[in-house]
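K.L.:
Sequence and predicted structure are below.
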Amino acid sequence: MAPKPVRPGECPQCWQHAYDKSIHRALKPGEDCPQCVSHMISGCPFLTPKKPSRWW
Ligand SMILES: [Zn+2]
Ligand SMILES: [Zn+2]
């Protein structure tokens, strides 16, 4: 299966976790994903740049 490319302005991790269900499938039932929880609490540390082809 081809992973969806991250939309500009979105968090790659949250994006990946939202679309790749296998990441959360590794968790026990009722267990929270620590990575998603940390992003929910303190926000996303990194967002995909709006124009990835033009850094400068
Ligand atoms: Zn997650
Ligand atoms: Zn995030």
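P.N.:
Looks like it arrived, so ask away. Ligands and ions are numbered 1, 2, ... in the order given.

K.L.:
ok, which residues in the protein are in contact with ligand 1?
P.N.:
Applying C-beta under 5 Å from the ion, we find that the chain lies next to ligand 1 at 17, 33, 36. The way it works is simple: take the backbone N, C-alpha and C, and place the C-beta from them, glycine included.

K.L.:
The first one: how many residues sit nearby?
P.N.:
Residue crowding around residue 17 was assessed by other C-beta atoms under 10 Å; the count is 16.

K.L.:
The last one too?
P.N.:
A count of nearby residues for residue 36, using other C-beta under 10 Å, gives 16.

K.L.:
wait, isn't it in contact with residue 14?
P.N.:
Yes. Under the criterion of C-beta atoms under 8 Å, residue 36 makes contact with residue 14 at 6.8 Å.

K.L.:
just checking, which of the residues of the chain next to ligand 1 belong to helices?
P.N.:
The helices, defined by DSSP state H, take in 17, 36 from the residues of the chain next to ligand 1.

K.L.:
so which of the residues of the chain next to ligand 1 comes closest to residue 51?
P.N.:
When these are ranked by distance to residue 51 (C-beta to C-beta), residue 17 comes first, at 24.2 Å.

K.L.:
What's the separation between the closest one and ligand 2?
P.N.:
8 Å (C-beta to the ion, to the nearest Å).

K.L.:
So which bits of the chain are right by ligand 2?
P.N.:
Residues of the chain lying close to ligand 2 (C-beta under 5 Å from the ion) are 11, 13, 14, 39, 44.

K.L.:
Just put those residues in a markdown table and tack on neighbour count, secondary structure and pLDDT.
P.N.:
Formatted as a markdown table, those follow (neighbours: other C-beta atoms under 10 Å; DSSP: H, G, I helix; E, B strand; the rest coil; pLDDT from 0 to 100):
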| residue | neighbour count | secondary structure | pLDDT |
| --- | --- | --- | --- |
| 11 | 18 | coil | 96 |
| 13 | 18 | helix | 96 |
| 14 | 16 | helix | 96 |
| 39 | 17 | helix | 97 |
| 44 | 14 | coil | 97 |
